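Participant: Model the following, please.
(chains A and B)
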Amino acid sequence: DAKTTQPNSMESNEEEPVHLPCNHSTISGTDYIHWYRQLPSQGPEYVIHGLTSNVNNRMASLAIAEDRKSSTLILHRATLRDAAVYYCILYTGGGNKLTFGTGTQLKVEL
Amino acid sequence: NAGVTQTPKFQVLKTGQSMTLQCAQDMNHNSMYWYRQDPGMGLRLIYYSASEGTTDKGEVPNGYNVSRLNKREFSLRLESAAPSQTSVYFCASTQRGGRSSYEQYFGPGTRLTVT
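Facilitator: Predicted coordinates for the structure are as follows:
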């Protein structure tokens, strides 16, 4: 399975935008890029996914590099409730299995 | 909709005891999954069921069995619990299998300690 690389942790101030990077240099042409987040003591929560084009939803935006070897999750205005571990995952089909790495711990400060 | 529910929320077992973790979803999803999460780690797939009547091994299946009882329910059984199985267990479901890309919905987790 293709792997992803994320920073272990990032910090942000409340109300500021946050850009969470993910590298996936071995991505195949049909792999979707998924982002999930996990709030403390909860199960993971779907955030967004995309294939080639940038995507927006009510939670976040996903910017995908033209060569698809990297992507960035954008939280437009971080709040304290956005403090979580964010996972970048390549969705390789075959039963819709997700392979989680260790993710990025996002800390949001006042 | 309750989404994905798991029982129990917490459990303490002694080494060698058995138990079944229950999972149910009310979203009419075809595929269901069991993951475990050890402290400071990401989730690892134990077993999954792409559709009713099928189950397949994931990354860490040893020591576990599963049953897809019907479309709604997917249970995980520990036949002889070991301390290495101390973990948080998450159940998830998604709309369908194959290469279609759909989000997974996760339950709140079961925190299991084996002494």
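
Participant: give the contact list for the closest residue to A:S53 other than its chain neighbours.
Facilitator: Distances taken as CB to CB, 6 or more residues apart in numbering or on different chains put A:I64 closest to A:S53, at 7.0 Å, once the chain neighbours are dropped. For glycine as for every other residue, the C-beta is placed from the backbone atoms N, C-alpha and C. If you count contacts by CB atoms under 8 Å, 6 or more residues apart in numbering or on different chains, A:I64 has them with A:I33, A:G50, A:L51, A:T52, A:S53, A:N54, A:V55, A:S71.

Participant: List only buried entries from those.
Facilitator: Buried residues within the contacts of A:I64, defined by neighbour count using 16 or more other CB atoms under 10 Å in any protein chain shown: A:I33, A:G50, A:V55, A:S71.

Participant: What distance do you get for B:G16 to B:T86?
Facilitator: 14 Å (CB to CB, to the nearest Å).

Participant: again but with A:S28, I slipped
Facilitator: Using CB to CB, we find A:S28 at a distance of 36 Å from B:T86.

Participant: Look at residue 78 and say how many residues are nearby.
Facilitator: Since no chain was named, I'll use chain A. Residues lying near A:A78 (other CB atoms under 10 Å in any protein chain shown) number 20.

Participant: my bad, chain B
Facilitator: Quick note: B:L78 (other CB under 10 Å) scores 20 neighbours.

Participant: Give me the phi and psi for it.
Facilitator: Taking degrees, to the nearest 10, you get phi -110, psi 110 for the backbone angles of B:L78.

Participant: circling back: which one's more surrounded, A:S28 and B:T86?
Facilitator: B:T86 (17 against 11).

Participant: what sits against that one?
Facilitator: By CB under 8 Å, 6+ apart, the neighbours of B:T86 are B:L112, B:T113, B:V114.

Participant: remind me which residues of chain A are low pLDDT?
Facilitator: Chain A contains residues with pLDDT under 70 at A:1-2, A:93-96.

Participant: For it, which residues are neighbours of chain B?
Facilitator: A:30, A:32, A:34, A:36, A:41-46, A:49, A:51, A:87, A:91, A:93-103 (CB under 8 Å from any CB of the partner chain).
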